[in-house]
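Q: pasting the sequence and the predicted coordinates here, then a few questions.
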Amino acid sequence: MLRAIKNRLRGLVAPAVFLALTYYFGWNAVHGKSGLEAQLVQRQQLQAAQAQAAAAQQSLMAWQTKVADLSAQSIAPDMLDEEAREVLNLANPNDLVIDLPSQKSSD
């Protein structure tokens, strides 16, 4: 009787080891470091990074357009200088500045 039990156990060892290995590799294929779940997370991170890169590229193009609009080729330098002085309320040291009295209404 003991011999029959040993023979049956010996016959079950190989399939049990095979099933354990199959379970181990199957679990790692789904949940492991490079498994299906990890790939899904990586794809989501890639999409988020691509969206950020696209937004940064769009911002870069907007700034490049603004800088190009301020270059000497696209606007007359004297008009830019005049506008800047008016906005900042400044004058060139070589300019002649005359203060005019403010006009008061006589009542």
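A: That came through fine.
Q: C-alpha only now, for contacts and for neighbours.
A: OK.
Q: what about the helices in the chain?
A: Ranges of helices in the chain, per DSSP state H, are 2-31, 36-70, 77-88.
Q: now those helices in CSV, please, with extra columns for mean neighbour count, distance to Gln103 and mean pLDDT.
A: Shown next, in CSV, are the helices of the chain (neighbours: other CA atoms under 10 Å; distance: least, CA to CA, whole Å; pLDDT from 0 to 100):
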stretch, mean neighbour count, distance to Gln103, mean pLDDT
helix 2-31, 11, 83, 91
helix 36-70, 12, 37, 93
helix 77-88, 11, 21, 82
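Q: of all these, which one comes closest to Asp99?
A: helix 77-88 (15.1 Å; CA to CA).
Q: elements contacting that closest one?
A: Using 3 or more CA pairs under 8 Å, 6 or more residues apart in numbering; DSSP states H and E as the contact test, no helix or strand touches helix 77-88.
Q: list the contacts of that helix.
A: Ala91 (CA atoms under 8 Å, 6 or more residues apart in numbering).
Q: export that helix as CSV, just CAs?
A: Taking C-alpha atoms only, helix 77-88 is exported to CSV below (Å, rounded to 0.1, in the frame of the first residue of the first chain):
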residue,chain,number,x,y,z
PRO,A,77,12.6,100.6,-35.3
ASP,A,78,11.6,104.3,-34.9
MET,A,79,7.9,103.4,-34.5
LEU,A,80,8.8,100.8,-31.9
ASP,A,81,11.0,103.3,-30.1
GLU,A,82,8.2,106.0,-30.2
GLU,A,83,5.6,103.5,-28.8
ALA,A,84,7.9,102.3,-26.1
ARG,A,85,8.6,105.9,-25.0
GLU,A,86,5.0,106.8,-24.9
VAL,A,87,4.0,103.7,-22.9
LEU,A,88,6.9,104.1,-20.4
